[in-house]
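**Student:** using only what follows, build the 3D model:
(chains A and B)
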Amino acid sequence: MSRIVSLAEAVQSTIKDGDTVAMEGFTHLIPHAAGHEIIRQGKKHLTLLRMTPDLIYDQMIGMGCADKIIFSWGGNPGVGSLHRLRDAIENGWPNKLDIVEHSHAAMANAYAAGAAGLPFTVFRGYIGTDLPKVNKAIKFIECPYTGERLATIPAHRPDVAVIHALRADKQGNVLLEGILGVQKEAVLAAKTSIVTVEEVVDDFGPRNLNAVIIPSWALGAVAVVPGGAFPSYAQGYYKRFNAFYKQWDNIARDRDTFLAWMKENVLDKTPEDFARHVEGLRTAAE
Amino acid sequence: MNYKPNEMMTIAAARALRNEDVTFVGIGMPSAASNLARLTHAPDITLIYESGTLATKPTVLPLSIGDGELCETALTTVSVPEMFRYWLQGGRITVGFLGGAQIDKYANLNTTVVGPYDKPKVRLPGGGGAPEIATACGEIFIIMAQSKRAFVEKIDFITSLGYGEGGDHRERLGVKTKGPTKLVTDLCVFEPDPVTKEMTVTSIHPGVTREQIQDATGWTVKYAANVAETPAPTEKELSVLRELHSRTAKAHGDAA
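**Tutor:** Got it, this is the predicted structure:
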């Protein structure tokens, strides 16, 4: 059964220095509040796994939480570079960052294989690309039935998956709607998990019979953090703050500006501040 | 009507899409061109974004590949593993629409790194969906503004396969799809030579000279026997595109 606890307690009791942590959410439902809590607790030497590092890993990398990153697309969507990720790769600031680079198809398949309890995944991919030359985890095997050459990479089995869901019920089951990304796969592939949610309800009520619900007994800790995906979004709760994604380009470009922003908006703040961030973005407010 | 080179590029790319296409859309210019096609000559085109949104009809262009707008206007939304396994790898997509930072004459694309991989001059975002889009879609359209920095003799890293070393290289690698059949730039349209697969100019945008095209290309440009002039944008194409961009700017700027 999942435990409904504070975010601080969830991070403290679940994530250890050196862990492999997958914080997922494909543009939608990115667990930003959890990322900030990990930064505040000064977690170090993490291997960060995520398809699209996005602002959440730009911040964690810039604050020195990570030794290694496993990813498939490291940009600020529609805006440009992730400057902290680039500074770490190009200049080793604030520390050297090892990279393991995949394609989206490979990453998605590797999470699904992890969730399925398999050691590796097989897919038709990486044909004619240079990625296998720089990533030794990419190998090719022959199909035993047709002889076709297919790509394989090891399954993802993170120590901890961290996701943001829409809501939990009192039993600690969680519900997701909208763009689902690889969150369910990441949670089921991981040894344990932290889920932040917008709210806890008595009961999910009337719903689609095939609603995406991850049962309590498949989860670790659940923490209520309204607005916890900001500046990403939560379908039906608040919209993506696209203007901030554009502003981030300037904030993150310069080391000092970045550090000042992180002190003011992360180190000196708490998870409760996220509710205030999304006030003007509430879907119902339109 | 006056128009800008990048408007001509987006419009020429949009025209290449057909009403019956199922298109895997990348963010940025591919997204603008695909939605322009949907709002003009191809109202029934199916647009798919890798975030899992199937048959989406956004009223403004998304900033990211997974804006709420895409999900809310989609027929349905599937998980990302399902998107890549069943819909892309399963062979359901007729056209993949890509851009890139660097391209060579065989339409291989680099979105990974400028300079050596281990000591990059510029670290680019990486492949994302492109490595598999490039080989799993029925055919590929590429949209890229032309410059010597981007159109190079040899790209620093092959992120996604075009025609490899040319000729039958795709077939030798076991790839059954066509590959890049159109490369639309702000100056002209390239299509692959039927035999060598070298990208060859088949249509030049109005007012553009062969000299301008060569000056913006890092290899010696080849031309088809019959080179057409790209029809100038129509008033309708331009006004729909401009309205789309202005709705988008307003939506993204007013998000707070």
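**Student:** can you tell me the closest non-neighbouring residue to B:Val78?
**Tutor:** Sequence neighbours aside, B:Gly52 is the residue nearest to B:Val78 in space, at 4.6 Å (criterion: CB to CB, 6 or more residues apart in numbering or on different chains). The C-beta positions use only the backbone N, C-alpha and C, and glycine is treated the same way.
**Student:** before we move on, what about B:Ala232?
**Tutor:** Leaving aside its chain neighbours, B:Ala232 sits nearest to B:Pro206 (4.9 Å; criterion: CB to CB, 6+ apart).
**Student:** same thing with A:Gly125?
**Tutor:** A:Ala151 (4.2 Å).
**Student:** go on, B:Met29?
**Tutor:** B:Ile143 (4.7 Å).
**Student:** distance of the one you found relative to A:Gly172?
**Tutor:** Using CB to CB, to the nearest Å, B:Ile143 is found at 47 Å from A:Gly172.
**Student:** so these two - more neighbours on which side?
**Tutor:** Neighbour totals were compared for B:Ile143 and A:Gly172, and B:Ile143 leads with 27 against 21 (other CB atoms under 10 Å in any protein chain shown).
**Student:** just the pLDDT at the more buried one, thanks.
**Tutor:** Confidence at B:Ile143, expressed as pLDDT, is 97.
**Student:** about what we covered before: contacting residues for the residue nearest to B:Ala232?
**Tutor:** By CB atoms under 8 Å, 6 or more residues apart in numbering or on different chains, the residues touching B:Pro206 are B:8, B:229-230, B:232.
**Student:** could you list the contact residues of the stretch 151-256 of chain B toward chain A?
**Tutor:** With CB under 8 Å from any CB of the partner chain as the criterion, the stretch 151-256 of chain B meets chain A at residues B:157-161, B:164, B:169-170, B:173-175, B:251-253, B:255-256.
**Student:** so where's the chain uncertain?
**Tutor:** Here I'm looking at chain A. Scanning chain A for pLDDT under 70 picks out A:284-286.
**Student:** oops, wrong one, chain B.
**Tutor:** By pLDDT under 70, the weakly predicted segments of chain B are B:254-256.
**Student:** swap the cut-off to 90 and go again
**Tutor:** Residue ranges of chain B with pLDDT under 90: B:1, B:26-28, B:62-67, B:249-256.
**Student:** the residue nearest to A:Gly125 reaches A:Gly128, doesn't it?
**Tutor:** No. A:Ala151 is beyond contact range of A:Gly128, at 11.4 Å (criterion: CB atoms under 8 Å).
**Student:** in what helix or strand does the closest residue to A:Ser6 other than its chain neighbours lie?
**Tutor:** Leaving aside its sequence neighbours, A:Ser6 sits nearest to A:Ala223 (CB to CB, 6+ apart; 6.0 Å). Remark: A:Ala223 resides in strand A:221-224, with elements defined by DSSP states H and E.
**Student:** that strand pairs with which strands, parallel or anti?
**Tutor:** Paired neighbours of strand A:221-224 in the sheet (DSSP bridges): strand A:3-4 (parallel), strand A:192-201 (parallel).
**Student:** return the distance of the last one from the chain's centre.
**Tutor:** Offset of strand A:192-201 from its chain centre (CA atoms, centre = their mean, to the nearest Å): 14 Å.
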